[in-house]
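S.K.: Just need the structure, nothing else, for what follows:
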Amino acid sequence: MAIRQISRQTLALLFVVAAASFAALVFADGDDVVVLTEGTFEKEVGQDRGALVEFYAPWCGHCKKLAPEYEKLGASFKKARSVMIAKVDCDEHKSVCSKYGVSGYPTIQWFPKGSLEPKKYEGQRTAEALAEFVNKEGGTNVKLATIPSSVVVLTPETFDSVVLDETKDVLVEFYAPWCGHCKHLAPIYEKLASAFKLDDGVVIANVDADKYKDLGEKYGVTGFPTLKFFPKGNKAGEDYDGGRDLGDFTKFINEKCGTSRDTNGQLTSEAGRIASLDTLAKEFLSVASDKRKEVLSSIEEEVAKLSGSAAKHGKVYVTIAKKILDKGNDYTKKETERLHRILEKSISPSKADEFIIKKNVLSTFSS
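M.R.: Here you go, the predicted model:
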């Protein structure tokens, strides 16, 4: 009897582990969209629920543009038992995409319950339009989830504490709810705020200057939208007269705030790099092994002069130099390859930032 009891317990444990492993394969961390592979596609699609499937490629610009809308859709339908929102990486799982006639990206197809005969989605690529389609095809009545805004909403009570903070670079939009140009700007401004939400020293904010007229008058607002930039060193504010495309705003913030992000919020290859330390990194590699400790001391002295995020990034140079002293020049290549593999997986944005910065600094130590 004791042997049977142990066997049952073991089987139960194996079942739990297997279920957890399967869940880890199907759902990426923090991802509300089901991730399908060649091995799981027909186990999930065409079964007891309808499925909307996006066939995409990681390098595809249109796919990247769709991603936040599709995530919003996935979050909204996550608890709908009769419908699944899913996606397939066609670079990695070519046979599945070929089987279902995918010839361009993104391709979005609806698979009814119990069927592997898809219907191609031809509508707009917005969360609202996709939700309407899925509700119609799946017989559901799901409403879109509200995604928290990354724009800091200001009032007379909070304006000074946020905008006049000497540790922050702040871009403020003075708007009016009825203003057509403001409505057009709103989604672009939201994407800008989302792109820089991980940068502690950058704030993207707005204030209803129609409701709070005194604030608008104080800062000389005569039309909507008016954008003013309040950098760390000039809390009187300066007018923003640049373009109003996302690319224009992103370039402005990067130049003014010393950040290095693209329009999707991803760090660029320059992120974390410090010119004076790049020079020392090259010197570190060029000298004989017995002289490298002297250059390391110079790197440490230079880092000690830095402050804020620059000091944090400087410590990465020190760590890498010490690792090379300990493990040899091969460390740079092996660590870069390891980070590349990690970054290809689904990880949190903050972790991705950390690994991209380290990867960028590692490149300065490459011979």
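S.K.: neighbours of residue 364, just the number please.
M.R.: Neighbour count for residue 364, taken as other CB atoms under 10 Å: 21. C-betas here are computed from N, CA, C, even on glycine.
S.K.: The residue nearest to it when sequence neighbours are not counted: which element?
M.R.: Distances taken as CB to CB, 6 or more residues apart in numbering place residue 281 nearest to residue 364, at 4.2 Å, with adjacent residues excluded. According to DSSP states H and E, residue 281 maps onto helix 275-286.
S.K.: Likewise for residue 251?
M.R.: helix 246-257.
S.K.: got the contact list for that helix?
M.R.: Outside helix 246-257, the residues that touch it by CB atoms under 8 Å, 6 or more residues apart in numbering are 169, 171, 188-189, 191-192, 195-196, 199, 201-202, 229, 231, 240, 242-243, 259-263.
S.K.: Take these and keep only those in strands.
M.R.: 169, 171, 202, 229 (DSSP state E).
S.K.: list the helices and strands the very next helix or strand once past the helix holding residue 281 packs on?
M.R.: Using DSSP H and E, the helix or strand that follows helix 275-286 in sequence is helix 292-304. Where contact means 3 or more CB pairs under 8 Å, 6 or more residues apart in numbering; DSSP states H and E, helix 292-304 is packed against helix 275-286, helix 308-327.
S.K.: Show me what the first one is packed up against.
M.R.: Put plainly, it is helix 275-286. Judged by 3+ CB pairs under 8 Å, 6+ apart, helix 275-286 is in contact with helix 292-304, helix 308-327, helix 349-364.
S.K.: so which of the ones you listed gets nearest residue 179?
M.R.: Checking the helices and strands packed on helix 275-286 against residue 179 by CB to CB gives helix 349-364 as the closest, at 31.9 Å.
S.K.: and that closest one, average pLDDT?
M.R.: Helix 349-364 carries an average pLDDT of 95.
S.K.: Present the helices and strands packed on helix 275-286 as a markdown table; the columns should include distance to residue 152.
M.R.: Shown next, in a markdown table, are the helices and strands packed on helix 275-286 (distance: least, CB to CB, whole Å):
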| stretch | distance to residue 152 |
| --- | --- |
| helix 292-304 | 32 |
| helix 308-327 | 20 |
| helix 349-364 | 18 |
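S.K.: So which of those helices is nearest residue 271?
M.R.: helix 349-364 (5.5 Å).
S.K.: Buried ones in that closest one, by neighbour count?
M.R.: Burial within helix 349-364, assessed by neighbour count using 16 or more other CB atoms under 10 Å, is assigned to 352-362, 364.
S.K.: What helices and strands are in contact with it?
M.R.: helix 275-286, helix 308-327, helix 330-343.
S.K.: Let's see that with 7 Å instead.
M.R.: If contacts are counted by 3 or more CB pairs under 7 Å, 6 or more residues apart in numbering; DSSP states H and E, helix 349-364 sits against helix 308-327, helix 330-343.
S.K.: Among the ones you listed, which comes closest to residue 269?
M.R.: Residue 269 lies closest to helix 330-343 among these, at 12.5 Å (CB to CB).
S.K.: Just flag the most distant two among the ones in strands among the contacts of helix 246-257.
M.R.: 202 and 229 (10.8 Å).
S.K.: Secondary structure element for the nearest residue to residue 333 once chain neighbours are set aside, which one?
M.R.: Sequence neighbours aside, residue 366 is the residue nearest to residue 333 in space, at 7.8 Å (criterion: CB to CB, 6+ apart). Assigned by DSSP H and E, residue 366 falls within no helix or strand.
S.K.: Residue 366 is in contact with residue 330, isn't it?
M.R.: No - counting by CB atoms under 7 Å, residue 366 stays clear of residue 330, with 11.5 Å between them.
S.K.: and these two? which has more neighbours close in?
M.R.: residue 366 (12 against 9).
S.K.: For that one, give its distance to residue 274.
M.R.: Shown here: residue 366 relative to residue 274, a distance of 16 Å by CB to CB, to the nearest Å.
S.K.: what's around the closest residue to residue 315 other than its chain neighbours, how many residues?
M.R.: Counting by CB to CB, 6+ apart, residue 315 lies nearest to residue 303, which is 6.4 Å off, once chain neighbours are set aside. For residue 303, the neighbour count with other CB under 10 Å is 21.
S.K.: And residue 313, by the same measure?
M.R.: Look at residue 313: counted by other CB under 10 Å, it has 20 neighbours.
S.K.: so how far is residue 289 from it?
M.R.: Distance from residue 313 to residue 289, counting by CB to CB: 26 Å.
S.K.: helix/strand/coil for residue 153?
M.R.: Secondary structure, DSSP: H, G, I helix; E, B strand; the rest coil: residue 153 is strand.
S.K.: Number the residues from 366 up from this point.
M.R.: Got it, first residue is 366 now, which makes that one residue 518.
S.K.: List the contacts of it.
M.R.: Residue 518 sits next to residue 571 when contact means CB atoms under 7 Å, 6 or more residues apart in numbering.
S.K.: ok so, going back, next one: the residue nearest to residue 698 from residue 534, what distance?
M.R.: Residue 731 sits 32 Å away from residue 534 when distances are taken as CB to CB.
S.K.: Which of the helices or strands spans the closest residue to residue 483 other than its chain neighbours?
M.R.: Nearest residue to residue 483, sequence neighbours excluded (CB to CB, 6+ apart): residue 474, at 3.8 Å. In this structure, residue 474 sits in strand 472-476 according to DSSP H and E.
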